[in-house]
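Novice: After the sequence you'll find the predicted model.
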Amino acid sequence: MNRRQVFEQQVMPHLDAGYNLARWLLRDAQAADDALQEASMRAFRYLESLKGDEVRPWWLGIVRNTCRTYLARLHSGPTLVEFDDEVFAAELRAPATAEPAQRLQTKRLQREVDAAIRALSSPLREVIVLRELEDLAYADIARIVDVPVGTVMSRLSRARVKLREVLAAHRLDPT
């Protein structure tokens, strides 16, 4: 198999997961598209570094690093905040579409969860996205974000607690 065929067969099935991660990390669809294109070029360039059948963690690691580079160029390093209440509130104020009651409630809940995830700091957001949305194992997440498994578990725990707190507080808020 030539290089292009290997890339198409092994990496391309994971493009959606890469876009999803880039979208959450960069918080911008256009930036995610750009990062995904750059990550694809990097993956193609370094395809020989892929060993075994661990394509997805390898690919998502490239996407993550590309996003980090993008953020570093954009902001001279990512600004880390524990939780951004203003981002969360702004996301909740976004207009909802008129649909039947159950769809509207589901959409509202999804918006609340999305807003809460977007408001997490980047280290917490990336592990929650990789675990809960991309369903990766702790060991794979540790490899992607280049931290020990214990750190992944700790960050996941903090992210889940923060999400629960914010969502529970919002549900109790009468506004």
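Specialist: Yep, that arrived. Numbering: from 1, shown residues only.
Novice: so where is this protein shaky, pLDDT-wise?
Specialist: Scanning the chain for pLDDT under 70 picks out 76-88, 90-103, 171-175.
Novice: What segments of it are strands?
Specialist: Ranges of strands in the chain, per DSSP state E: none exist.
Novice: What are the structural domain limits within it?
Specialist: Structural domains assigned to the chain are 3-75, 85-172, following automatic domain parsing.
Novice: Mean neighbour count added to these, as TSV?
Specialist: The way it works is simple: take the backbone N, C-alpha and C, and place the C-beta from them, glycine included. Formatted as TSV, the domains of the chain follow (neighbours: other C-beta atoms under 10 Å):
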stretch	mean neighbour count
domain 3-75	17
domain 85-172	16
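Novice: who are the neighbours in contact with A159?
Specialist: By C-beta atoms under 8 Å, 6 or more residues apart in numbering, A159 lies in contact with 120, 124-125, 127-128.
Novice: residue ranges of the helices in this structure, please?
Specialist: 3-10, 15-26, 29-45, 55-75, 85-93, 101-119, 122-128, 138-145, 149-172 (DSSP state H).
Novice: thinking again about what came up before, out of the contacts of A159, who's nearest L136?
Specialist: V127 (9.4 Å; C-beta to C-beta).
Novice: pretty sure the closest one is touching S154, no?
Specialist: No: using C-beta atoms under 8 Å, V127 is not in contact with S154, being 9.2 Å away.
Novice: if we can go back for a sec, could the contacts of A159 go into CSV alongside distance to S40?
Specialist: Formatted as CSV, the contacts of A159 follow (distance: C-beta to C-beta, whole Å):
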residue, distance to S40
L120, 26
L124, 27
R125, 22
V127, 23
I128, 24
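Novice: ok, which pair from those is furthest apart?
Specialist: So, these by C-beta to C-beta: farthest apart are L120 and V127, at 9.4 Å.
Novice: Okay, R27 and K51: tell me how far apart.
Specialist: Counting by C-beta to C-beta, to the nearest Å, the separation of R27 from K51 is 32 Å.
Novice: got the contact list for D140?
Specialist: Contacts of D140 (C-beta under 8 Å, 6+ apart): 54, 56-57, 60, 130.
Novice: Confirm for me that I62 is in contact with M41.
Specialist: No: if you go by C-beta under 8 Å, I62 and M41 don't touch, sitting 9.8 Å apart.
Novice: what do those two both touch?
Specialist: When C-beta under 8 Å, 6+ apart defines a contact, no residue borders I62 and M41 alike.
Novice: Identify the nearest residue to A29 in space, disregarding sequence-adjacent positions?
Specialist: R23 (6.4 Å; C-beta to C-beta, 6 or more residues apart in numbering).
Novice: same deal with E134?
Specialist: According to C-beta to C-beta, 6+ apart, the nearest residue to E134 is A17 (5.4 Å).
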